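Whatever this is, show me its structure:
(2 chains)
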Amino acid sequence: GAGVSQSPSNKVTEKGKDVELRCDPISGHTALYWYRQRLGQGLEFLIYFQGNSAPDKSGLPSDRFSAERTGESVSTLTIQRTQQEDSAVYLCASSLAGRDYGYTFGSGTRLTVV
Amino acid sequence: KQEVTQIPAALSVPEGENLVLNCSFTDSAIYNLQWFRQDPGKGLTSLLLIQSSQREQTSGRLNASLDKSSGRSTLYIAASQPGDSATYLCAATHFGNEKLTFGTGTRLTIIP
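As a prediction, this is how the structure comes out:
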């Protein structure tokens, strides 16, 4: 596609429920990243994919968070047993082959846990 | 651990003025540094990417500089316009990993 697409754009969920956030990167981009932006705070790195492998998962805050990627395409970020502190905007970015090529970000998914 | 700081957190400038946004980082061993703008409710738009071997990059009215020795980068905006109003973020990457370390941003308002 022309840009990075994320869905849903907004998600309200009850505490304790599981949620799935989806990211469609730009076609041909091998690198994919997830970031989280809590209200009034900076962006936090969550996970990096190269192809369908994840060489850096160091930013996942707990074992309730997981992510997968199908080939060099769609990625899903799953949060199990959501907590109120998970409320944030979750941003996905893709890159042609990594940091030398810059990043294109999606518009994000705003997650609210009530 | 790399820390990236942007001061001030907010800035208001009359239309037409030139302005400079500042970004400081604690670890000078960066791989590259990027400047982004973020509009309310939208994702990030990449503005300029400076590799560690470069001193500056220019795009239109924007000029970004990088001084690794002092741990600083600046974004210069010439002849500011109301459409430049946004939050500006700088972010650094480092050798050995792919993640961006972001500053907390400067919220810029251009007053017509």
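
can you tell me how far A:Y101 sits from chain B?
Separation of A:Y101 from chain B (Cβ to the nearest Cβ, to the nearest Å) stands at 8 Å. In this view, the C-beta of every residue, glycine as well, is placed from N, C-alpha and C.

residues near B:I77, how many?
B:I77: 21 surrounding residues under other Cβ atoms under 10 Å in any protein chain shown.

Spit out the contact partners of the closest residue to it other than its chain neighbours.
Computed as Cβ to Cβ, 6 or more residues apart in numbering or on different chains, the closest residue to B:I77 that is not its neighbour in sequence is B:L19, at 5.2 Å. B:L19 makes contact with B:11, B:13, B:76-77, B:80, B:108 under the criterion Cβ atoms under 8 Å, 6 or more residues apart in numbering or on different chains.

Contact partners for A:S87?
Taking Cβ under 8 Å, 6+ apart, we find A:S87 in contact with A:38-39, A:111-113.

quick one: which helix or strand includes the residue nearest the centre of chain A?
Among the residues of chain A, the one closest to the centroid is A:W34, at 3.4 Å (Cα atoms, centre = their mean). Secondary structure from DSSP states H and E places A:W34 in strand A:31-37.

Now that strand - C-alpha only, CSV.
What follows is strand A:31-37, C-alpha atoms only, in CSV (Å, rounded to 0.1, in the frame of the first residue of the first chain):
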residue,chain,number,x,y,z
ALA,A,31,11.7,-4.1,8.7
LEU,A,32,8.7,-3.5,11.0
TYR,A,33,8.6,-1.8,14.5
TRP,A,34,6.1,-1.3,17.2
TYR,A,35,6.2,1.6,19.6
ARG,A,36,3.9,2.8,22.4
GLN,A,37,3.1,6.4,23.3
